[in-house]
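Trainee: Next comes the sequence, and after it the predicted model I'd like to discuss.
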Amino acid sequence: MRTSRQEVAEEVKLEIFSLLPQLLADINTPEEAKDFLSTFLSEKELEVLSKRLTVMYWLYKGRKYHHIRDMLKVSSATIATAQDTINLPPMLHVFRILDANEWASRVTDRLRKFVGKS
């Protein structure tokens, strides 16, 4: 989508910039989120946003630049830009959510293995 050089009225900006956050807050399941994102974004947009989040999360988790660069096929400049945002409160909150999801997934896997052995 191309954007116009003409400025949008401030009240219109407030309305349009509230739609996406509200929708994201209202999505209930990962499946709904995946369906929405894969329909709403182009494949390239989804890849760019997914990589950006992964770069930030991996930096937060302490992975090395060269590992991130090689695994995700991103530039050092992309990684450096992401580094500037990983300690901001909204991103730290997101990382805590991702950590909790990872932990829950590990626990679920262990429980499945345990129950399967019984």
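Mentor: Sure, I can see it. All values derive from a computational prediction rather than experimental measurement.
Trainee: Which helix or strand in the chain has the lowest average pLDDT?
Mentor: The weakest-scoring helix or strand in the chain, judged by mean pLDDT, DSSP states H and E, is helix 89-117 (a mean of 88).
Trainee: Off-centre distance for it?
Mentor: Taking Cα atoms, centre = their mean, to the nearest Å, one finds the center of helix 89-117 at 16 Å from the center of the full chain.
Trainee: list the buried ones in it?
Mentor: Buried residues in helix 89-117, counted by 16 or more other Cβ atoms under 10 Å: 91, 94-95, 98. Placement of C-beta: from N, CA and C, glycine included.
Trainee: which of those lies closest to His66?
Mentor: Compare each of the buried residues of helix 89-117 with His66 using Cβ to Cβ and the shortest gap goes to Phe95, at 21.3 Å.
Trainee: Helices along this protein, start to end?
Mentor: Ranges of helices in the chain, per DSSP state H, are 10-26, 30-40, 43-60, 65-72, 76-83, 89-117.
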